[in-house]
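Visitor: Got a predicted model here, sequence first, then my questions.
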Amino acid sequence: MQDQVYIGLAIILPLIGTIMIWMSGNRPNQREVVTIITAGLTFLCVLQLLPPVLAGEQPELRVSELLPGLELAFKIEPLGMMFALIASFLWIITSFYAIGYMRGHHEPNQTRFYMCFAVAISSALAIAFSGNMFTLFIAYEVLTLSTYPLVTHSQTDEARRAGRVYLGILMSTSIGLLMIGIIWTWAAAGTLDFTQGGILKGKIDDGLVIVLLFLYMYGIGKAALMPIHRWLPAAMVAPTPVSALLHAVAVVKAGVFTVLKVIIYIFGIDFLTDTGASVWLMYVAAVTIILASLVALTKDNLKARLAYSTVSQLAYIVLAGALATSHSLIGGAMHIAMHAFGKITLFFCAGAIMVASHKTEISQMRGLGWRMPFTFAAFLIGALSVIGLPPLGGSWSKWYIALGAADADQLIFIAVLMISSLLNIAYLIPVFARGFFGPREEEEAQMAGGHDGDHDGDHHPAGQDNHGVASTVPRKRIAEAPLFCVVPLWITALGCVALFVYADRLYDMLSPIVN
Amino acid sequence: MLSSHLPVLVIIIPLIAAPLCILFRGKDQAFAITLLATWGSFACACVIAAQVMSQGEISYELGGWPPPIGIELRIDALNALILLIVSGIGSVVAPYSRNSLLLEYVEDRSYMYYSSYLLCLCGLMGVSVTGDAFNLFVFLEISSLSSYVLIALGFDRRALTASYQYLIMGTIGATFIVISIGLLYQATGTLNMADIAERLPQHGYDRTVIAAFAFLVIGVGLKMALFPLHQWLPNAYTYAPSTVSAFLAATATKVSIYILLRFLFTVFGVQFSFDVLPTAVPLMILAILAMFIPTIVACFQKNVKKILAYSSVAQIGYMVLGISFVTVTGLTAGILHLFNHALMKGALFLVLGAVFYRIGSCNIDRMAGLARTMPWTMAAFVGGGLSLIGIPMTAGFISKWYLIQASIEKGWWYIAVLIVVSSLIAVIYIWRVIESAYFREPPEDLINVKEAPLSLLIPAWVLVLGNVYFGVETSLPLSMAELAAKTLMGGS
């Protein structure tokens, strides 16, 4: 009973918050306090649900029957619990960050921004908790629509074009493919409830499983499989808190979360491996992993590079789903958490750089690390986690996905993972390196006498020199972003470390999903 | 006592109120009479719907003369649902008329508007309750003639030609219908629809009956703007006053579809209509063409009212598609969409009325930046538009869901794909308007436009919220539509 209240509250609270944010529209301080309180309370509600889930229960809440047999129902299983925890926790952090960013950047229409943000979180939580595919689909569409005003926040022509791509791809895939897939499932299986072991076995022709899987995988546009990934880079015109929370965590993770849900609870792992319907998906995911990393290499705009990196990382999770072994699925699920913390840190850093120095292109960031050491250090942590190096969280998830590939006798994908890690290094580390090395163009020119150490410092000194230089050049004025920006990004960076240390707890929590 | 006379009351109330408007003349009196009459008949319709759902079919003998000599009013779930739609939309639009007229019509003759509005309502209600074929034709003509008048009231001079075009096409349609009824009378010797249905199988399906069938389908096709017989509709809806567009778009074509359903399924019978004659396939092809061609045309229109008008033709395609499946689910989908479409089109046209009231135009370029000056109006447009596209939690989603389910049930997955594609094209024309209103700079002379008055906003929002309500709480329209579909399929 109590659990049901918390489920309801977790979804309703952000909506109540939306109304209160709207009412406190012309009092910015009050508005932001409301946001943070709402975020905090929402997180607490989600947290209340953790003990029963850890104890192996699956709290349920049935709201109403929309159509005969199709309910608006919520049911919490470990995967959704994890996603909800991540989304609601990072919402708090992002709210603080957003205060620093939005004010530092003097963005207009901030009330609308906070309102849409709250609606988006509410729908992300509804996705996380959804008890059947029907509920999930509804929340999925609400999420698309509520983020549209965020993507087009600046209301410029560029934003409008990006909005078209965003809505065009997400809408056409979800209505055009996903909805047909769902109705087909409904017609074939007679239910849409997420059920351990799947609902489709024996209900559908083996040959048609591939078609249905295709409808689902390309219908879930938010998972950004190539070639329907274009909306994600386009969405980067949004203010950075949006890119950070929504387009590194809530929205894209809602996509891959749905992918995992569909594979585990709709198709069922055994059914999928028996029919071999997901082999094509492994290759598509692998191609996405590599290609997106390569594209990321060519991007000079930091947010665009991170966006392509996200596309590539999301494909890890899809790959994990397609492999459909118990290791790979847990690895994929863990990667939702690991990548969330890593990527949000990187986006926070990108935003902090933008606020503090108005720089968006990587090539302009030479020497910026001296002025923003905290930001750049956090960037390194996030980057290493995304690459998948210990002692950071990202290493575990990659490890398990690779194990899964070995279980499935698909060794080629281990190679793909390795290559991808190398590519990650190639596109993420230079950002950090450039911050500390290389001539500091404008500033050096202005100061006309600068430090020689920086002048000859070319692009490729070894990593450890880095710290040496840092300590010898203390004279540089530190011009960090506002504290509201820097503290959150450090919290998430530390989160990456914590996820490495406490990965076993996550593993234990998630293990029921494959039994 | 009174409740047993409800079927006739829904017609009598607007019929008596119409001349009263002219007698009293005063703007306010006429308005008050209209309001009372529409709300009164809506209340009657609600009670009738409740009666039908609990007790089954209602039969009322007009003047106490038993059928087939007297006229019978006969109401089953389908009639009750249509009655609800017509009177419901009628009573939302009626209060809206008061303010929106100021700009569009000469004030001192507003009683003429109210009286034709009531007559139109009376005609549409009459069609929906009567069990007599000729009576149905008479009521249809009452509604058509008064709608020609209503359309001609438009602010734009082009309203006159639009109305004239509609008059010609509508009259051809009506003539076809009356020819068909005449042929049926010749074949069976009765005008009571239930009687005709009974006697037709005995009479046999000779050439007379087939001719009657053909005349009827074409005639009704004209009235309901079935593609490619829709030519009159875009201009008529575009140049009519917004209130009239909203009222007619939400009701008139729906009632025509009701006639089609009633004749195909009840009078001629499922077996004759679909097994003996190959009606389903041509209907489906026309429906699919209607889902695409007008939708694409709509994407290139400048006038938002015209966009919606073309969209109406497309939506009629969806309903006919549902009918052409000839299954219970298909019919449910079609009838459900009939209900839902009334809600969304009504809402959107009312929104445009509010826009026209403030800026005197519905041109997409003139509406640029309007979201800044009229946020509530444009938010209502977004709401109605989302329902038209078929986003979850709106009424439009429910009908799309059923339509797709019906086509998958039949195993025609390619039809499901077509439905989805065509609703995605709808995103384009709706989003053109939204982008214009939200992303562009307003024209210089329109920077200081005020928000529309509450008297226009409230009715529009009532319908928009109706879209949301019936997207979440679907049991009322769904149970009625399902019952109606079952009756139609089984009760032949």
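Guide: The structure has been received and is ready for your questions. Numbering: from 1, shown residues only, chains lettered A, B, ... in the order given.
Visitor: In chain A, mark out all the strands, start to finish.
Guide: Using DSSP state E, the strands assigned to chain A run over residues A:60-67, A:70-75.
Visitor: Out of those strands, which one sits most buried?
Guide: Stretch with highest mean neighbour count among those: strand A:70-75 (a mean of 21; mean count of other CB atoms under 10 Å in any protein chain shown). (C-beta placed from N, C-alpha, C; glycine too.)
Visitor: which stretches of the chain have low pLDDT?
Guide: Just going to use chain A. Applying pLDDT under 70 to chain A flags the ranges A:1, A:438-477.
Visitor: Not quite, go with chain B.
Guide: For chain B, residues meeting the criterion pLDDT under 70 lie at B:1-2, B:100-108, B:491-492.
Visitor: same thing but at 50, please
Guide: Residues of chain B that meet the criterion pLDDT under 50 lie in B:103, B:492.
Visitor: Relative to residue B:468, how far out is the residue in it positioned nearest to chain A?
Guide: Residue of chain B nearest chain A, by CB to the nearest CB: residue B:392 (3.9 Å). Distance, residue B:392 to residue B:468, by CB to CB, to the nearest Å: 11 Å.
Visitor: Which one's more surrounded, the two?
Guide: A count of neighbours by other CB atoms under 10 Å in any protein chain shown puts residue B:392 above the other of residue B:392 and residue B:468, at 25 against 16.
Visitor: Give me the residue at the spatial middle of chain A.
Guide: Centroid check for chain A by CA atoms, centre = their mean gives residue A:249 as the closest residue, at 2.5 Å.
Visitor: quick one: contacts for it?
Guide: Residues near residue A:249 by CB atoms under 8 Å, 6 or more residues apart in numbering or on different chains: A:86, A:87, A:90, A:340, A:343, A:344.
Visitor: what about the closest residue to residue B:64 other than its chain neighbours, which SS state?
Guide: Counting by CB to CB, 6 or more residues apart in numbering or on different chains, residue B:64 lies nearest to residue B:70, which is 7.3 Å off, once chain neighbours are set aside. Judged by DSSP: H, G, I helix; E, B strand; the rest coil, the three-state class of residue B:70 is coil.
Visitor: residue contacts, the closest residue to residue A:142 other than its chain neighbours?
Guide: Leaving aside its sequence neighbours, residue A:142 sits nearest to residue A:123 (CB to CB, 6+ apart; 4.2 Å). By CB under 8 Å, 6+ apart, the contact list for residue A:123 reads A:139, A:140, A:142, A:143, A:146.
Visitor: then stretch B:190-199 to PDB, C-alphas only?
Guide: Extracted in PDB, the C-alpha atoms of stretch B:190-199 (Å, rounded to 0.1, in the frame of the first residue of the first chain):
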ATOM      1  CA  THR B 190     -42.500   1.000 -47.200                       C
ATOM      2  CA  LEU B 191     -40.400   3.900 -46.000                       C
ATOM      3  CA  ASN B 192     -39.700   2.600 -42.500                       C
ATOM      4  CA  MET B 193     -36.100   1.700 -42.500                       C
ATOM      5  CA  ALA B 194     -36.500  -1.400 -40.300                       C
ATOM      6  CA  ASP B 195     -39.300  -2.500 -42.600                       C
ATOM      7  CA  ILE B 196     -37.300  -2.000 -45.700                       C
ATOM      8  CA  ALA B 197     -34.600  -4.100 -44.200                       C
ATOM      9  CA  GLU B 198     -37.000  -6.800 -43.500                       C
ATOM     10  CA  ARG B 199     -38.700  -6.800 -46.900                       C
END
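Visitor: Can you report how many residues lie near the nearest residue to residue A:420 once chain neighbours are set aside?
Guide: Nearest residue to residue A:420, sequence neighbours excluded (CB to CB, 6+ apart): residue A:289, at 4.9 Å. Number of residues near residue A:289 (other CB under 10 Å) recorded here: 26.
Visitor: what's the answer for residue B:411, then?
Guide: Counted with other CB under 10 Å, the neighbours of residue B:411 add up to 9.
Visitor: How about the residue of the stretch 51-200 of chain A found nearest chain B: what's its closest non-neighbour residue?
Guide: For the stretch 51-200 of chain A and chain B, the shortest gap (CB to the nearest CB) falls at residue A:138, measuring 3.9 Å. Take residue A:138 and drop its neighbours on the chain: the residue closest to it by CB to CB, 6+ apart is residue B:392, 3.9 Å away.
Visitor: hang on, that neighbour packs against residue A:141?
Guide: Yes - look at residue B:392 against residue A:141 with CB atoms under 8 Å: they come within range, at 4.8 Å.
Visitor: I'd like to know how many residues surround residue 126.
Guide: No chain specified, so I'll use chain A. Under the neighbour criterion other CB under 10 Å, residue A:126 is assigned a count of 24.
Visitor: let's do chain B instead
Guide: 24.
Visitor: and the helix or strand hosting residue B:245, what does it pack onto?
Guide: Remark: residue B:245 resides in helix B:242-261, with elements defined by DSSP states H and E. The contact analysis (3 or more CB pairs under 8 Å, 6 or more residues apart in numbering or on different chains; DSSP states H and E) places helix B:242-261 against helix B:77-104, helix B:110-129, helix B:133-152, helix B:207-223, helix B:232-239, helix B:304-324, helix B:328-359.
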